[in-house]
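Visitor: what follows is a protein structure lacking sequence information:
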């Protein structure tokens, strides 16, 4: 009993130290349940037969660890290539905790963690049919796949980032096997991010985000029947400060002053998403399995403000004159997929039929208050392992309205290549929208894209080189653009609707052709000194409507030292990260519709972003210390990641994670 009380006191002290208020309460409840489950497990076992936290044979060797708490992904079960993964204890790039850094700076946000974010380079969408088009928070929803566990003991992992100036991230996961064939778990993530611009005191939040999922998996005794289920929910609320306010004497360096003023004081966006998912399959034999997938998804999007407190002419148009702005949009769908699959020697095959019922609601749009419909899909996948080193795979999908996907890949030790040909439906936000400051109604055509990607690989213990190329052609491309109505081709009715709006959805009349060679390399010097780099050069061969805006040169590099000491009990990684983009017209951000748009008035200047870091793994825990943006500390001038929005300032960050296996 005394041991359990000490454990509870330790849990309470930890949560109170790391968190405050409601966050501390949630942390304590979560860990309290974990502690209770461990105590119950111990009580149910006779003293002489206890396992888990006991040490065998009076030695210091623990029974449980990363290799006894394995996880896998549902997609691998669907594709009949089940592979178990051990818990990640690697410290390489452990210090890259923000979403931009974790994705190699290939995304553009509003300068702070958890803000609206978009990919810099075009990405082919996964969905052929209807979507809401509110994609500025997609990455926070899609960044991590659900992991299903097979644990020999209760598993807990705590990941905590205590970043400077009130920026904190918490991740907690708990999983345990109820029986050898049945597992259950909970995953929790929180972003509590203070403002960078005009932060008044600790807890003056820019972003508050709470994510959790519940997951479970079960299989019959002979593994002929398997079922996976999960429920996911993510709520993210972001202060929309509208960029830095400028006056007549404003200079570039003023963006980075401590007293820089925001444009908006009361505006906020909220994105709420939920999904209930079920996958189950029955195996007749290796050559034949039947399966069913169910998804019930909901996305709610809201924007609020007090327009009277915004600077004059900040909003280009007033569609709904109200003292308090509250724009809302809701998108829902239910999707059912049934199919067959199996393995014939080295060939995997899969065929399926899917039906998807959707609805989109905008309460202000009287003509299109709710749009709904039914979509039907036929699809299939194949995969062929020619030998142990070469695999060819393909995915085809056809929608009843003609939208389609043809996706082929080939992978080997020496090269990889992929080809995608996709046609997909224009998202709703481009087609029809009505809010406090915007209104439009369009009949845009389906978008089509062809993308070819390939790399060659040369890999030794000392040098790894991967030259590559991405070629993309876009037709009927959709984008938002800042452009006066006099230069936009519109019908008289559309001109009447748009009036003085300056940011509107546009469909390119021509095509975009993007040519992006890429070079990756890794060099190991003196066994422990490593130089890694990624260089992307982009040339726009065609660019109808100036729709694509990307930096001509994009560079990531890292010089680091890594070594292992004390018989593998101490692993260190220390060095310098460099990121650089050449000058370009980065997409700006339109606050009320939460969309990034093309503009050609403010050029984002090139700036070398340099971070210094130290990471270490000590037994079952990992820690890091990182100093961001060394250049700004020296020059007192930073960078704009999005027009009018300063990027990450020079600041010190700290983080750790710790895993418990018994």
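Guide: It's in. For clarity, every value in this text was computed on a predicted model and none was experimentally measured.
Visitor: can you tell me how far the spatially closest residue to residue 500 that is not a sequence neighbour is from residue 435?
Guide: If you skip the residues right next to it in sequence, residue 500 has residue 317 as its closest partner in space, 5.1 Å away by C-beta to C-beta, 6 or more residues apart in numbering. To be clear about C-beta, it is placed using only N, CA and C from the backbone, and glycine gets the same treatment. The span separating residue 317 from residue 435 equals 10 Å under the rule C-beta to C-beta, to the nearest Å.
Visitor: how about the residue nearest to residue 500, what does it touch?
Guide: For residue 317, the contact set (C-beta atoms under 8 Å, 6 or more residues apart in numbering) comprises 437-438, 499-502.
Visitor: residue contacts, residue 536?
Guide: Listed by C-beta under 8 Å, 6+ apart, the contact set of residue 536 reads 121, 516-518, 553-555.
Visitor: picking up where we left off before, nearest to residue 598 among the contacts of residue 317?
Guide: Out of these, the one with the shortest distance to residue 598 is residue 502. That distance is 12.0 Å, counting by C-beta to C-beta.
Visitor: was I right to think that closest one contacts residue 313?
Guide: No: with contact taken as C-beta atoms under 8 Å, residue 502 and residue 313 are classed as non-touching, separated by 10.7 Å.
Visitor: so these two - more neighbours on which side?
Guide: A count of neighbours by other C-beta atoms under 10 Å puts residue 502 above the other of residue 502 and residue 313, at 16 against 6.
Visitor: nearest residue to the more buried one in space, please, no chain neighbours.
Guide: In space, and not counting its chain neighbours, residue 502 is closest to residue 316: 4.6 Å by C-beta to C-beta, 6+ apart.
Visitor: per-residue pLDDT of that neighbour, please?
Guide: With respect to pLDDT, residue 316 scores 89.
Visitor: for it, helix, strand, or coil?
Guide: Each residue gets one of three states, and residue 316 gets coil by DSSP: H, G, I helix; E, B strand; the rest coil.
Visitor: quick one: it from residue 306, how far?
Guide: Relative to residue 306, residue 316 is positioned 18 Å away (C-beta to C-beta).
Visitor: how about the helices in the protein?
Guide: All helices of the chain, identified by DSSP state H, fall at 2-18, 22-44, 74-78, 99-102, 138-142, 428-431, 492-498, 630-635.
Visitor: show me what the last one is packed up against.
Guide: If you count contacts as 3 or more C-beta pairs under 8 Å, 6 or more residues apart in numbering; DSSP states H and E, helix 630-635 packs onto strand 609-618.
Visitor: before we move on, the earlier item: just the buried ones out of the contacts of residue 317, please.
Guide: Members of the contacts of residue 317 that pass the buried threshold by neighbour count (16 or more other C-beta atoms under 10 Å) are listed as 437-438, 501-502.
Visitor: low-confidence ranges in the chain?
Guide: 1-62, 484-499 (pLDDT under 70).
Visitor: hmm, 80 instead?
Guide: Judged by pLDDT under 80, the chain has its weakly predicted residues at 1-67, 366-370, 388, 483-500, 662.
Visitor: looking at it, which strand is longest?
Guide: If each strand of the chain is counted by residues according to DSSP state E, the longest one is strand 325-344.
Visitor: ok, now which ones touch the residue lying closest to residue 263 once chain neighbours are set aside?
Guide: Excluding its sequence neighbours, the residue lying closest to residue 263 (C-beta to C-beta, 6+ apart) is residue 242, at 3.4 Å. Under the criterion of C-beta under 8 Å, 6+ apart, the neighbours of residue 242 are 262-264, 267, 310, 314, 591, 644.
Visitor: go with 7 Å
Guide: Neighbour list for residue 242: 262-264, 267, 314, 591 [criterion: C-beta atoms under 7 Å, 6 or more residues apart in numbering].
Visitor: out of these, which is nearest to residue 222?
Guide: Of all the contacts of residue 242, the one with the least separation from residue 222 (C-beta to C-beta) is residue 591, at 56.8 Å.
Visitor: so the closest one makes contact with residue 263?
Guide: No: taking C-beta atoms under 7 Å as the definition, residue 591 is not a contact partner of residue 263, at 8.6 Å.
Visitor: so for those two, which residue has more residues nearby?
Guide: Ranked by neighbour count (other C-beta under 10 Å), residue 591 and residue 263 place residue 591 first, with 23 against 18.
Visitor: and that one, how far is that from residue 119?
Guide: 20 Å.
Visitor: residue 349 too?
Guide: Using C-beta to C-beta, one gets 32 Å for the distance from residue 349 to residue 119.
Visitor: ok, the two, which is more surrounded?
Guide: Here residue 349 and residue 119 are set side by side on neighbour count (other C-beta under 10 Å), and the busier one is residue 349, at 17 against 13.
Visitor: show me what contacts that one?
Guide: For residue 349, the residues meeting the contact criterion (C-beta under 7 Å, 6+ apart) are 341-342, 382.
Visitor: how close does it get to residue 387?
Guide: The gap separating residue 349 from residue 387 is 19 Å, by C-beta to C-beta.
Visitor: which parts of the stretch 501-650 of the chain are strands?
Guide: With DSSP state E, counting those that start in this stretch as the definition, the stretch 501-650 of the chain shows strands at residue ranges 503-507, 511-525, 529-537, 539-543, 553-565, 570-581, 588-590, 595-598, 609-618, 621-628, 640-642, 645-646.
Visitor: the longest one - contacts with which helices or strands?
Guide: Yep, that's strand 511-525 we're talking about. Counting contacts by 3 or more C-beta pairs under 7 Å, 6 or more residues apart in numbering; DSSP states H and E, the secondary-structure elements packed against strand 511-525 are strand 463-475, strand 529-537, strand 539-543.
Visitor: over to the first one?
Guide: Secondary structure elements in contact with strand 503-507, counted by 3+ C-beta pairs under 7 Å, 6+ apart, are strand 478-482.
Visitor: the strand it packs on vs strand 503-507, what angle?
Guide: Interaxial angle of strand 478-482 relative to strand 503-507 (axes from the mean of the first three to the mean of the last three C-alpha atoms, to 10 degrees): 140 degrees.
Visitor: what sits up against strand 478-482?
Guide: 426, 430, 444, 447, 502-507, 547, 588, 590, 595, 597-599.
Visitor: neighbouring strands for that strand, and are they parallel or not?
Guide: Strands adjacent to strand 478-482 in the sheet, as given by DSSP bridges, are strand 503-507 (antiparallel), strand 595-598 (parallel).
Visitor: what's the angle from that strand to strand 511-525?
Guide: When the same axes, to 10 degrees is applied, the directions of strand 478-482 and strand 511-525 differ by 90 degrees.
Visitor: may I see the buried residues of strand 478-482?
Guide: For strand 478-482, the buried set under the neighbour-count rule, 16+ other C-beta under 10 Å, comprises 478-482.
Visitor: cool, and stretch 521-533?
Guide: Across stretch 521-533, burial judged by 16+ other C-beta under 10 Å covers 521-522, 524, 530, 532.
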